[in-house]
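# Below are the sequence and a predicted model for it; my questions follow.
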Amino acid sequence: MFNYGWFRVGSSITKLAIRRTLSQGGSYATKNAGHPGPKSLLSYNYLQIEGTQAAPVPRPVPLSRLTDSFLDGTSSVYLEELQRAWEEDPNSVDESWDNFFRNFVGQAATSLGISGQTIQESMRLLLLVRAYQVNGHMKAKLDPLGLEEREIPDDLDPALYGFTEADLDREFFLGAYCGNIGYEYMHIADREKCNWLRDKIETPMPMQYNRQRREVMLDRLMWSTQFENFLATKWAAAKRFGLEGSETLIPGMKEMFDRASDLGVESIVMGMSHRGRLNVLANVVRKPLRQIFSEFSGGTRPVDEIGLYTGTGDVKYHLGTSYDRPTRGGRRIHLSLVANPSHLEAVDPLVVGKTRAKQYYSHDTDRTKNMGVLIHGDGSFAGQGVVYETLHLSALPNYTTGGTIHFVINNQVAFTTDPRAGRSSQYCTDVAKALDAPIFHVNGDDLEAVVHVSELAAEWRQTFHSDVVVDVVCYRRFGHNEIDEPFFTQPKMYKVIRNHPSALEIYEKKLLESGQVTKEDIDRMHNKVNTILNEEFLGSKDYVPKRRDWLSAYWTGYKSPEQISRVRNTGVKPEILKNVGKAITTLPENFKPHRAVKKIFADRAQVIETGEGIDWGFAEALAFATLLVEGNHVRLSGQDVERGTFSHRHAVLHDQETGDIYCPLDHVVMNQDEEMFTVSNSSLSEFGVLGFELGYSMEHPNQLVIWEAQFGDFANGAQVIFDNFLSSGEAKWLRQTGLVVLLPHGYDGQGPEHSSARVERYLQMSDDNPYVIPEMDQTLRKADPRMQLASCECDNSCKLFPCSAASKLASAQGLQIKNLSEFDDVQGHPGFDKQGTRFKRLIKDQNDHSDLEEGIRRLVLCSGKVYYELDEQRKKVHCKDVAICRVEQLCPFPYDLAQRELKRYPNAEIVWCQEEPMNMGAYYYIAPRLSTAMRAVGRGSTDDIKYAGPPSFRCHSHRVLPDAREGAVRTGSESPAA
């Protein structure tokens with residue numbers, strides 16, 4: 001029998017030996033072709049041969065003589081070549097081979113007396129050990145139902161290596177890899193990480209918990225189980241997406257939180273879909289049980305609070321909350337569960353982004369105090385692309401959070417879809433192998449195994465600051481929901497489930513057999529839980545929410561959709577503009593930027609001196625800089641945003657000789673925090689990165705968080721975030737956000753799929769009534785906030801400044817260039833508005849018209865850069881009887897200002913002009929609202945609004961200006977060549 005002692009050798013031995021000795025049909029080479037091992041040391045000293053007859057004359061054995069059936073002549077010649085190289089220079093071979101030769105060959109002439117047989121047995125055992133480290137998870141007992149048919153790799157058979165199981169220390173070695181846990185970690189390239197895991201896995205004795213710990217685990221499992229049973233009793237016909245079949249998740253998570261707290265974690269942000277959410281809310285995050293029960297019974301609207309508002313008709317299993325939870329170690333840990341829509345994994349990037357924001361605001365630069373935890377389903381983890389988009393953010397400098405712990409509730413069925421139809425890989429978690437993330441598969445019926453890997457996950461995250469996955473292989477006792485019939489599609493599985501004991505019954509039996517608890521102890525615990533559940537149920541009948549549980553303290557005082565908000569001035573004092581302008585145009589003396597970039601910054605420095613000629617990129621930089629001076633955090637993220645897709649931004653400069661980078665906006669104020677201004681090129685991801693920035697923006701209102709699409713149409717890759725969070729998050733869950741989304745586009749001839757930001761989609765999401773003009777207080781210049789989205793199209797740089805938004809327009813037009821004086825509140829500059837420097841929802845005609853212009857025959861309303869084409873043509877044809885107004889804020893529609901212009905031009909026909917075809921762009925949003933404004937001033941209806949722009953199917957339109965140049969603005973009946 002072999003005891004594991006001093007032998008230590010690298011996994012590369014296995015890989016090389018396999019390739020050279022078994023390429024002619026050996027099963028090990030066949031089975032492991034897809035599992036090349038990392039260059040790492042096996043951490044345990046596996047072999048110490050005892051009782052071996054020492055050779056009469058101890059001497060080295062030439063490796064070429066080792067020619068048994070496994071270690072054949074081919075590999076032994078190769079080993080002898082390695083030995084010669086090692087004898088000449090030990091550093092010329094891998095460290096693992098150095099260890100091997102030192103232990104076996106180098107010391108063979110000493111008192112150890114190692115024989116050729118010893119070396120052969122050592123090599124065979126080494127390969128067996130390696131096989132279990134790579135594929136041992138295939139032999140683990142993971143399926144609690146015993147239904148999974150798995151092909152056990154031949155290389156896990158000790159007989160292949162000349163051993164019987166009697167030769168091996170089963171409790172130590174086979175127990176580590178063949179129990180109810182399957183470890184996958186051999187895809188990790190870092191040898192330190194692999195060795196750390198082996199130290200945790202290959203222990204002389206399996207994990208044993210004392211009576212006190214077992215009673216705590218039993219109590220937590222009892223709460224998890226009886227909570228579901230109670231809901232099933234009281235609301236038998238309700239959907240709740242219960243945790244029956246995977247109840248051990250709750251004690252596993254709680255033990256993980258306790259361990260994480262011991263290791264320094266102070267706050268955890270969680271995200272999950274609907275399965276088990278109520279149980280997590282009740283038993284992990286400690287949402288009051290009476291509140292949960294009240295929501296099941298219909299609930300009561302909160303009263304007696306000014307500005308209070310509640311969510312609209314969302315199901316209980318999508319809600320979230322937060323709580324400061326005491327831990328077993330006597331500490332407190334803050335838990336928050338992010339609200340999630342029905343689109344299962346959509347919440348993943350939000351959790352990571354929110355965690356990153358918490359780390360910024362708590363100065364958690366080591367990323368050890370704030371942690372993200374995601375709970376997935378097996379089908380969605382394997383099938384939804386946002387999972388990978390989120391995973392691959394994990395090590396990016398401006399997106400990493402120091403590791404996320406992933407739990408997978410692996411029901412072994414996704415709604416009605418079996419794994420064989422839901423994924424192409426062995427495990428639902430195989431996508432995580434793209435990272436250096438260990439994966440722990442565990443039998444969900446084994447509570448202590450679940451607890452063990454949950455604690456191990458916390459230790460991994462705090463040690464290596466990277467992701468880790470816990471795959472809880474379990475089952476779903478009922479259908480997709482409690483009123484669904486699972487026998488329709490999984491009859492075999494559900495015949496087994498019908499008679500399968502619960503995890504609680506299994507664990508109670510185990511503890512009773514061990515003698516650590518008695519039947520009386522268990523009954524007493526059951527009665528205690530049931531008593532509390534019934535008391536809370538009775539209390540739920542009178543439960544009335546008294547406060548906005550949802551809103552973070554940071555958001556206190558911000559307007560609800562039921563309140564009116566003020567449009568505020570955003571001008572900045574001239575001296576501040578000049579100071580920050582100099583700061584962001586001054587480069588280090590020894591920094592050598594590209595000559596074109598150097599000229600751009602020299603021109604910008606000149607602009608600060610003269611006050612004339614501010615372009616889009618510089619206007620944006622000034623806006624950011626003034627926010628930084630006021631102490632606000634600014635974060636800009638997206639594809640190629642550092643330079644800007646069209647070289648308009650240059651927020652990060654690159655030294656042409658050294659490659660060093662310099663960000664001028666990092667040097668606006670003295671001792672500026674390096675993350676106070678963050679601009680970061682993102683990965684080529686829209687869904688994941690926009691979700692990340694949305695989560696980041698939710699943490700604090702006093703920050704500017706921007707996601708910029710490379711082109712406006714690229715936002716369609718993130719449509720789930722727009723549909724399920726941005727457009728409905730506040731109405732459903734009272735979640736507020738100040739996220740700014742830049743969707744730059746111009747209809748510049750690249751076709752309808754690449755020239756449009758699809759503004760019509762976002763306008764359609766607004767919840768205002770197109771036939772009712774909201775109340776507006778003109779004296780206070782208030783705006784109606786009663787919608788989820790505000791949609792703006794900026795057409796010049798001074799509009800960009802108060803809007804803190806940008807557009808990749810054709811800057812060569814030159815008409816967007818503005819003067820520095822237009823960014824401040826000083827009177828006297830051209831275009832000065834008596835209301836002050838602020839975002840203009842609608843810009844009147846620039847021809848200095850009076851309050852009443854009866855001679856104007858046509859009023860053209862437009863938005864965006866098409867204005868410049870129209871104005872240019874108007875000047876070209878000397879058209880004096882056409883007025884052009886710019887609707888800068890499309891949504892909410894500026895009824896008050898539209899009515900002002902309609903009154904100004906009482907005899908003018910009304911035209912809406914846009915670049916996009918009629919079925920795209922803003923036309924179908926603007927037309928009914930403009931008609932409502934017309935009726936309010938006693939003018940016409942929708943039929944009196946003309947459309948000018950590219951055609952849509954058979955729609956006819958109206959020419960805006962006489963003799964419009966080809967390709968600028970066309971009517972619906974004209975072709976491009978007309």
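Perfect, thanks for sending it.
# Leaving out chain neighbours, which residue sits closest to residue 691?
Leaving aside its chain neighbours, residue 691 sits nearest to residue 349 (3.1 Å; criterion: Cβ to Cβ, 6 or more residues apart in numbering). Where you see a C-beta, it was placed from the backbone N, CA and C, and this is true even at glycine.
# and the one you found, what element?
Following DSSP states H and E, one finds residue 349 within helix 348-361.
# Which secondary structure elements does that helix sit against?
Packing partners of helix 348-361 (3 or more Cβ pairs under 8 Å, 6 or more residues apart in numbering; DSSP states H and E): strand 267-272, strand 370-377, helix 385-391, strand 404-410, helix 687-697.
# now with 7 Å?
Judged by 3 or more Cβ pairs under 7 Å, 6 or more residues apart in numbering; DSSP states H and E, helix 348-361 is in contact with strand 267-272, strand 370-377, helix 385-391, helix 687-697.
# Buried by neighbour count: which residues of the third one qualify?
When you say that, I think you mean helix 385-391. Buried residues in helix 385-391, counted by 16 or more other Cβ atoms under 10 Å: 386-391.
# Touching that helix from outside, list them.
With contact meaning Cβ atoms under 7 Å, 6 or more residues apart in numbering, helix 385-391 is reached by 345-346, 348-349, 352, 381, 431-432, 434-435, 467, 685, 687-688.
# hang on, the earlier thing: check what pLDDT the residue nearest to residue 691 gets.
pLDDT, residue 349: 97.
# now it: how far from residue 343?
In this view, residue 349 and residue 343 are 12 Å apart by Cβ to Cβ, to the nearest Å.
# Give the residue spans of the stretch 701-850 of the chain that score low on pLDDT.
For the stretch 701-850 of the chain, the stretches with pLDDT under 70 are 746-752, 776-817, 825-835.
# Find the centremost residue of the protein, please.
Taking Cα atoms, centre = their mean, the centroid of the chain lies closest to residue 349, which sits 1.2 Å from it.
# quick one: contacts for that one?
Listed by Cβ under 7 Å, 6+ apart, the contact partners of residue 349 are 386, 389-390, 688, 691-692, 695.
# How much space separates it from residue 926?
To residue 926, residue 349 is 33 Å away according to Cβ to Cβ.
# just residue 179 next, same as before
Using Cβ to Cβ, we find residue 179 at a distance of 66 Å from residue 926.
# Between the two, tell me which one has more neighbours.
Neighbour count, other Cβ atoms under 10 Å: between residue 179 and residue 926, residue 926 has more, with 24 against 18.
# got a list of what the residue nearest to residue 540 when sequence neighbours are not counted touches?
For residue 540, ignoring the flanking residues on the chain, the nearest one in space by Cβ to Cβ, 6+ apart is residue 293 at 3.6 Å. Applying Cβ under 7 Å, 6+ apart to residue 293 gives the contacts 536-537, 540.
# same thing but at 8 Å, please
Residue 293 is in contact with 234, 536-537, 540, 543, counting by Cβ atoms under 8 Å, 6 or more residues apart in numbering.
# per the record, what domains does this structure have?
Listed domain ranges for the chain are 211-302+310-548, 569-767+776-810, 845-969 (source: the TED database).
# that's a helix at residue 744, yeah?
No: counting by DSSP: H, G, I helix; E, B strand; the rest coil, residue 744 is not found in a helix; it is coil.
# what's the burial count for it?
22.
# Need the helices and strands packed on helix 348-361 in CSV (columns: mean pLDDT and distance to residue 862).
Conversion of the helices and strands packed on helix 348-361 to CSV gives the following (pLDDT from 0 to 100; distance: least, Cβ to Cβ, whole Å):
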stretch, mean pLDDT, distance to residue 862
strand 267-272, 96, 42
strand 370-377, 97, 45
helix 385-391, 97, 37
helix 687-697, 96, 28
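# and of the ones you listed, who's closest to residue 819?
The closest of the helices and strands packed on helix 348-361 to residue 819 is helix 687-697. By Cβ to Cβ, the value is 32.1 Å.
# Would you mind writing the CA trace of the following helix or strand past the closest one as PDB?
Sequence-wise, the next helix or strand downstream of helix 687-697 (DSSP H and E) is strand 703-708. Once non-C-alpha atoms are left out, strand 703-708 reads as follows in PDB (Å, rounded to 0.1, in the frame of the first residue of the first chain):
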ATOM      1  CA  GLN A 703     -21.700  61.100 -10.800                       C
ATOM      2  CA  LEU A 704     -21.800  61.100 -14.600                       C
ATOM      3  CA  VAL A 705     -21.700  57.600 -16.000                       C
ATOM      4  CA  ILE A 706     -21.700  57.400 -19.800                       C
ATOM      5  CA  TRP A 707     -21.900  54.500 -22.200                       C
ATOM      6  CA  GLU A 708     -21.100  55.400 -25.800                       C
END
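# can you list the residues that contact strand 703-708?
624, 627, 632-639, 641, 689-690, 693-694, 696-697, 738-742, 744, 804-806.
# Buried ones only from those residues, please, as a PyMOL command.
In PyMOL, a selection of the buried entries from the contacts of strand 703-708 looks like this (16+ other Cβ under 10 Å):
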select buried, resi 624+627+633+634+635+636+637+638+639+641+689+690+693+694+696+697+739+740+741+742+744+804+805+806
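# State the distance from residue 623 to residue 821.
To residue 821, residue 623 is 16 Å away according to Cβ to Cβ.
# Please identify which of these two sits among more neighbours.
More crowded of residue 623 and residue 821, by other Cβ under 10 Å: residue 623, with 24 against 21.
# Please determine how far that one is located from residue 864.
Residue 623 is 19 Å from residue 864, by Cβ to Cβ.
# same thing with residue 673?
Applying Cβ to Cβ to residue 673 and residue 864 gives a distance of 36 Å.
# residues contacting residue 288?
By Cβ under 8 Å, 6+ apart, residue 288 lies in contact with 536, 543.
# since we're on the nearest residue to residue 242 once chain neighbours are set aside, how many residues are nearby?
Residue nearest to residue 242 in three dimensions, not counting chain neighbours: residue 228, with 4.6 Å by Cβ to Cβ, 6+ apart. Neighbourhood size, residue 228 [other Cβ under 10 Å]: 25.
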